[in-house]
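> Coordinates for the following, if possible.
(chains A and B)
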Amino acid sequence: MLKCRTVWRTLAPLARTSSTVCRQNARRAGLNNGRLPACVPAAHMSTAPAGGGRENQLYVLLVGATCVGGAIYAYRTVKGDSQRYQDRIDEISSRPLKTFTEEPATPTQSEPPAAPSPAEPSPPAPDAEILAPIETADLPSVWIASTADEPAVEASPQEAAEPAAALIVEEEPPAAEPAEARPGVVAEADEPVIEASPEEAAEPPVVEPEPSPPSEPTPAELTEPVADSESPAAESAAAAKPAEPQLEAVTESGDASPASHKVSSHTPYLLIGGGTASFAAARSIRARDPGARVLIVTDELVPPYMRPPLSKELWFSDDPSVTETLRFKQWNGKERSIYFQPPSFYINAEELGSAENGGVAVLTGKKVVHMDVRGNKIKLDDDTEISYDKCLIATGGVPRNLQVIERAGEEVMKRTTLFRKVEDFKSLDKVSRNVKSITIIGGGFLGSELACALGRRSTESDLEVIQMYPEKGNMGKVLPEYLSNWTTEKVKKEGVKIISEALVKSVVSKDDKLEIQLKDGRLVKTDHIVAAVGLEPNVDLAKSAGLEVDSDFGGFRVNAELQARSNIWVAGDAACFYDIRLGRRRVEHHDHAVVSGRLAGENMTGANKPYWHQSMFWSDLGPDVGYEAIGIVDSSLPTVGVFAKATAKDTPKAATEESGTGIRSESETEHTASSPVASSAPSPTGVQHKDEYGKGVIFYLRDKVVVGIILWNVFNRMPIARKIIKDGEEHADLNEVAKLFNIHDD
Amino acid sequence: MSYCKQEGKDRIIFVTKEDHEAPSNAELIADDPNDPYEEHGLILPNGDVNWNCPCLGGMASGPCGSQFKEAFSCFHYSKEEVKGSECIDHFRDMQECMQRYPELYPQDDETDSSSQEAESRSALPTEKDSTAATSTAEAAVSADGTSPTDEQTAS
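Predicted structure coming up:
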């Protein structure tokens, strides 16, 4: 095309003149045929039809010469252009050969410090070294591809596809042999070829041949060769390497490598976040996709663990070293750790690519800061990039804080605990042994459970436990008022001082104590505050990933199959999902994390199932109050409660003692027990009317349909409750429905 | 005698045992065994093993997952008189693998009872509501003492 244009340009003036000449000749001929006899122009022709033979000859000569000259000019221009093009290409291809032979010295020097072994590529330092001397304008041709040794060899089938590249590669063998053997060579057609190992298995040309020289990849792109090049050439290349996650570079936690890691790697399944939902998804993926390689990236420093014991069982343990072992007793008496699996279950991230049967690897202490959805890759806080095929976002949330506390300054913040993680448990445990007074702000699940746990401790020491909240009673947003009041009384019996209808106005630090000023004028003096006022879902990645955030419930907005966008799913606390039965919601419970994580894992392996199996939750408030719930349990909904007269037998404590088997409907994979049998705390069975709400079932209605059920001190009936919610029917008489639960039986 | 009271929008009914003795006339919709959305127990409607069943704990997904799957599949489809008698090799492989991870698969009674567990699990009924099955499965197996829900043992 260029040729034509060049040709035309060169010839245009000539063409114009010659066309004019032709036209004039034609006209002349035509005119002379007598069509327009009258229009014989007065203008003289340059050549008269007859006569002026000499002039004619001269004319012919002139025109001929011009034509020939023009043709020659055109020919030479075009030829020259193509020659120039060829020269340029040759020059470019010759350049890497030159730089390559110069460079080997540099990598060798920078490598020994970083590389654990000569053959093991240690990407960051050498990479930075080599890239420095090359200017942006040039085609950077040398970079490090980091691969685990074995997987690189697997790329050999793709080698054959690139004869041109192979040619260049073959020329290199002697030069490439020295230990590092990493620099890439630019093939003739601008295909970057990555040499991964001393065997020089040339990886598939990941960038498609650029059509023209100007569009050379910039050094910036090439610094992340695998990742970036995977995006344009993308799917075929990426799909062709499903068995090659190259992750060794990523695990800087183990290496002594210096900072700037510009090397990317790949994992088929990437799970962002290392909590319950993530672990459930990992398990689901491994069960369904044999040999799957799953990488979990978490900013916590520990592998996945379950949260419920942190506010329940761990506090009731008799073991003084519980903060170290993190072990608790389950309902069946067996001890277990809060960690889902011991560390030996997980494989190292470096080995993930080469593990024969795949496995689950956990990358701790790394935060994902950027997500490139188009390129199917994420970037960590240490600039490492990891590309993926399928990704799960299970980032959970961060505890909310009261604004008055945040504004109150360093001294107050130092004495405030936002309770969520293992280290929060450890620090609160320590604090509770060293201070005289702890105040818990918040009357929901976490606040009440912690209040009861600390209240229990207060019986052994002289610790004062205060719980304050804006509602009228504990669990005020969950339980209908009568039940909330009843529960509050029970919590008080656990040794907790309750301050209800309390709105915090300000908190100041005075004389080494904290003073909480309430809006109604009351003043509370305490040593330490635990704020349990809700969870803020972590949607930091929404911006870079272009994911929708729900304005009503918070969290990432996903569909009924928990999918945010193709290849991206969200599960757990951070997912605002569409529940086919109950509508759009976001649930912050343990069993939901398990159920949604498992579902996301299934869908990541192709199941395409919607959220259907309703998750449940449970809570224990001391030995007398235990309940399980399912569905939407919101105290603002009209409720119908059906209660039996309670006997002494109807408490979690009694039920455990009696049956010796599971009283807690087991949330499917990971479940934790109700509070283990406590030797203290006698249950008052005396006065009958005090135990009005001993056990029963409470139905929550929305437009006459049951959308939520609480099983109050009634256990092992969750499947029935689940069924009723699933049916979604209007029941005329809920007493009849309550009969299904046999609440009078044990 | 049952009585009822209303507190605002909340209704409270107190019932005696006698009140609840008459069978319920509440109508529940029959379960569709082929519902694609439903969670399944250990055995899928088409007869295959549901490797993602919570009742298996993490047995199918751990480091010895593939060995476990082979052994259990062999057992499941076995038509011998002594079910699984031809699967000894697979079970041995599985056992060997598990011995390499003593932390994940405690060796005290796991070795003998692994086959027992497999048997008891596969014998569990799955016709009912899946979750009922899973909870009964877990209850039944946990009665063994080697609870699959104890994640330390099963992965």
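> Which elements pack onto the helix or strand containing A:A281?
Here A:A281 sits within helix A:276-288, counting by DSSP states H and E. Counting contacts by 3 or more C-beta pairs under 8 Å, 6 or more residues apart in numbering or on different chains; DSSP states H and E, helix A:276-288 is packed against strand A:264-272, strand A:293-297, strand A:359-363, strand A:385-393, helix A:590-604. For glycine as for every other residue, the C-beta is placed from the backbone atoms N, C-alpha and C.
> Partner strands of the fourth one, with direction?
According to DSSP bridges, strand A:385-393 has the following sheet partners: strand A:264-272 (parallel), strand A:377-380 (antiparallel), strand A:568-570 (parallel).
> contacting residues around A:T487?
Neighbouring residues of A:T487 by C-beta atoms under 8 Å, 6 or more residues apart in numbering or on different chains: A:S448, A:G473, A:N474, A:M475, A:L479, A:L621, A:V625.
> Quick check: phi and psi at the residue lying closest to it once chain neighbours are set aside.
Nearest residue to A:T487, sequence neighbours excluded (C-beta to C-beta, 6 or more residues apart in numbering or on different chains): A:N474, at 4.8 Å. Main-chain torsions, A:N474, degrees, to the nearest 10: phi -60, psi 150.
> pretty sure A:N474 is touching A:E489, no?
No. Counting by C-beta atoms under 8 Å, A:N474 sits too far from A:E489 to count as a contact (9.2 Å).
> Please identify which of the two sits among more neighbours.
Shown here are A:N474 and A:E489; by other C-beta atoms under 10 Å in any protein chain shown, A:N474 has more neighbours (31 against 14).
> Any figure for the gap between the more buried one and A:W612?
32 Å (C-beta to C-beta, to the nearest Å).
> Repeat that for A:P304.
From A:P304 to A:W612 the distance is 25 Å (C-beta to C-beta).
> What of A:W331?
Taken as C-beta to C-beta, the span from A:W331 to A:W612 is 28 Å.
> Looking only at neighbour counts, state which of the two leads.
A:W331 (24 against 17).
> mind checking which helix or strand that one is in?
Counting by DSSP H and E, A:W331 is part of no helix or strand.
> Run a quick neighbour tally on B:Y101.
17.
> quick one: B:E86 and B:E80 touch, right?
Yes. Contact criterion C-beta under 8 Å: B:E86 and B:E80 qualify, at 5.9 Å.
> still on that earlier bit, so which of the helices and strands packed on helix A:276-288 is nearest A:D372?
strand A:385-393 (8.3 Å; C-beta to C-beta).
> ok, and for the helix or strand just after the closest one, which residues are buried?
Using DSSP H and E, the helix or strand that directly follows strand A:385-393 along the chain is strand A:397-399. Using 16 or more other C-beta atoms under 10 Å in any protein chain shown as the test for burial, strand A:397-399 gives A:G397, A:P399.
> how about the helices in chain B?
B:65-77, B:88-99, B:107-122, B:130-144 (DSSP state H).
> Please work out which of the strands paired with strand A:385-393 is packed deepest.
Each of the strands paired with strand A:385-393 was scored by mean neighbour count; the highest is strand A:568-570, a mean of 29, by mean count of other C-beta atoms under 10 Å in any protein chain shown.
> So the helix or strand just after that one, near chain B or not?
Using DSSP H and E, the helix or strand that follows strand A:568-570 in sequence is strand A:575-579. No. Judged by C-beta under 8 Å from any C-beta of the partner chain, strand A:575-579 makes no contact with chain B; its nearest approach is 12.1 Å.
> helices or strands next to strand A:575-579 in the packing?
strand A:556-557, strand A:583-585.
> Residues touching it, excluding its own?
Contacts of strand A:575-579 (C-beta under 8 Å, 6+ apart): A:277, A:537, A:550, A:552-560, A:562, A:570, A:584-586, A:596, A:610-611.
> just the buried members of the residues you listed?
A:277, A:537, A:550, A:554-558, A:560, A:562, A:570, A:585-586, A:596, A:610-611.
> B:D48: which of the residues you listed is nearest?
So of the buried ones among the contacts of strand A:575-579, ranked by how close each gets to B:D48 (C-beta to C-beta), first place is A:P610, at 21.5 Å.
> Can you measure across stretch A:466-484, start residue to end residue?
18 Å (C-alpha to C-alpha, to the nearest Å).
> Buried residues in it, which are they?
A:466-471, A:473-476, A:478-484.
> Helix or strand, whichever it is, which one in chain B has the lowest mean pLDDT?
None of the helices or strands of chain B scores lower by mean pLDDT, DSSP states H and E than helix B:130-144, at a mean of 37.
> Return the per-residue confidence for residue 123.
Assuming you mean chain A. A:P123 is assigned 38 on the pLDDT scale.
> look at chain B instead
38.
> same deal with A:V373?
Predicted confidence (pLDDT) for A:V373: 95.
> can you check A:M45 too?
We have a pLDDT of 55 for A:M45.
> again, but for A:Y85
For A:Y85, pLDDT reads 81.
> Which strands and helices lie in contact with the strand or helix carrying it?
Using DSSP H and E, A:Y85 sits in helix A:53-102. Under the contact criterion of 3+ C-beta pairs under 8 Å, 6+ apart, helix A:53-102 touches helix A:2-32, strand A:185-186.
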